[in-house]
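K.L.:
Got a predicted model here, sequence first, then my questions.
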Amino acid sequence: MGFDIVLIVIIGANVLMSLKGFNDFSFFEKFKFNIGGIRRGEQVRMLTSGFLHADTSHLFFNMLTLYFFAPVVIGFLGNVKFLIVYIGSLIVGNLFSLFFHKDEYHYSAVGASGAVSGVIYSGILFQPDMSLYLMFIPIPIPAYIFGIGYLLFSIFGMKKRLGNIGHDAHFGGAVGGYVITLILAPWVFQENLLMTGLLAIPILILFVLQRLGKL
């Protein structure tokens, strides 16, 4: 698997900013996602928080996932459009977090998970028949099953507020990756119409639950 320059730059930026954040508390606090800070006008946090991580395992798993999925998206879209998917998904993920936590001034989050979720969903749209091997599960899982399950779990996590995980950012990032990919590559509708529809189901469930006030 060859390394693309844009992937090297993104992984490098994540590693450098995260290492700086691990060792510099004021830097971490200044650039993490924080509702109070953003509502005071510090919109830069919407972007910078996606390059900070809570710890080395958080950083490693996000970058490892990105390493496996990014080449699929880059192969179909090229470097520039891949970057649009990545940054767009990061921002849409944080917009979801901002929407769902807008009155929680102390709510904070970090991580590339929103951006990575968008890349995962984009990759699944392009190659829905690819198989994924997950830790602890010895059999291959079809990518579209993983994608749908991932978002349904994120909805469950948002509803139950599971763990210290930004499930809304994961979900928002996946929605961002889904929508941006379909805008940049509308031919996916014709090529994978059924899969495009199936992957939309969790998105529709989320919006229905939101309208009904169930989240």
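P.N.:
Nice, I can see it. Residues are numbered from 1 along each chain as shown.
K.L.:
The residue lying closest to S108 once chain neighbours are set aside: what's it in contact with?
P.N.:
Among residues not flanking S108 along the chain, N34 sits closest, at 4.6 Å (C-beta to C-beta, 6 or more residues apart in numbering). (Glycine included, C-beta is placed from N, CA and C.) By C-beta atoms under 8 Å, 6 or more residues apart in numbering, the contact set of N34 is E42, R45, H106, Y107, S108.
K.L.:
Can you turn the buried part of these into a PyMOL selection?
P.N.:
Only the buried entries of those go into this PyMOL selection, using 16 or more other C-beta atoms under 10 Å:
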select buried, resi 45+107+108
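K.L.:
circling back: what does the pLDDT read for the residue nearest to S108?
P.N.:
For N34, the pLDDT comes out at 95.
K.L.:
quick one: it from A112, how far?
P.N.:
Per C-beta to C-beta, to the nearest Å, N34 is found 17 Å from A112.
K.L.:
Show me what the helix or strand containing L209 is in contact with.
P.N.:
According to DSSP states H and E, L209 maps onto helix 193-211. Outside helix 193-211, the residues that touch it by C-beta under 8 Å, 6+ apart are 121, 124-125, 128, 144, 147-148, 151-152, 154-155, 159, 171, 175, 178, 182, 188-189, 215.
K.L.:
cutoff 7 Å now
P.N.:
By C-beta atoms under 7 Å, 6 or more residues apart in numbering, the residues outside helix 193-211 that reach it are 121, 124-125, 128, 144, 147-148, 151-152, 155, 171, 175, 178, 188-189, 215.
K.L.:
coming back round to it: so which of the contacts of N34 belong to strands?
P.N.:
Among the contacts of N34, the members falling in strands are S108 (criterion: DSSP state E).
K.L.:
residue contacts, G50?
P.N.:
L90, A112, G114, A115.
K.L.:
Not counting sequence-adjacent ones, nearest residue to the one residue sitting closest to the centre of the chain?
P.N.:
The centroid of the chain falls nearest to G114 when counting by C-alpha atoms, centre = their mean (2.2 Å). With C-beta to C-beta, 6+ apart as the criterion, G114 has its nearest non-adjacent residue at 2.2 Å, and that residue is G93.
K.L.:
Any figure for the gap between the one you found and S154?
P.N.:
For G93, the distance to S154 equals 11 Å [C-beta to C-beta].
K.L.:
What are the buried residues along the helix holding L209?
P.N.:
For helix 193-211, the neighbour count (16+ other C-beta under 10 Å) marks M195, T196, L199, A200, P202, I203, L206 as buried.
K.L.:
Stretch 102-111 too?
P.N.:
Result for stretch 102-111 [16+ other C-beta under 10 Å]: buried residues Y107, S108, A109, V110, G111.
K.L.:
pLDDT below threshold where in the protein?
P.N.:
Applying pLDDT under 70 to the chain flags residues 1-3, 134-137, 161-165, 215.
K.L.:
Nice, that's everything, thank you.
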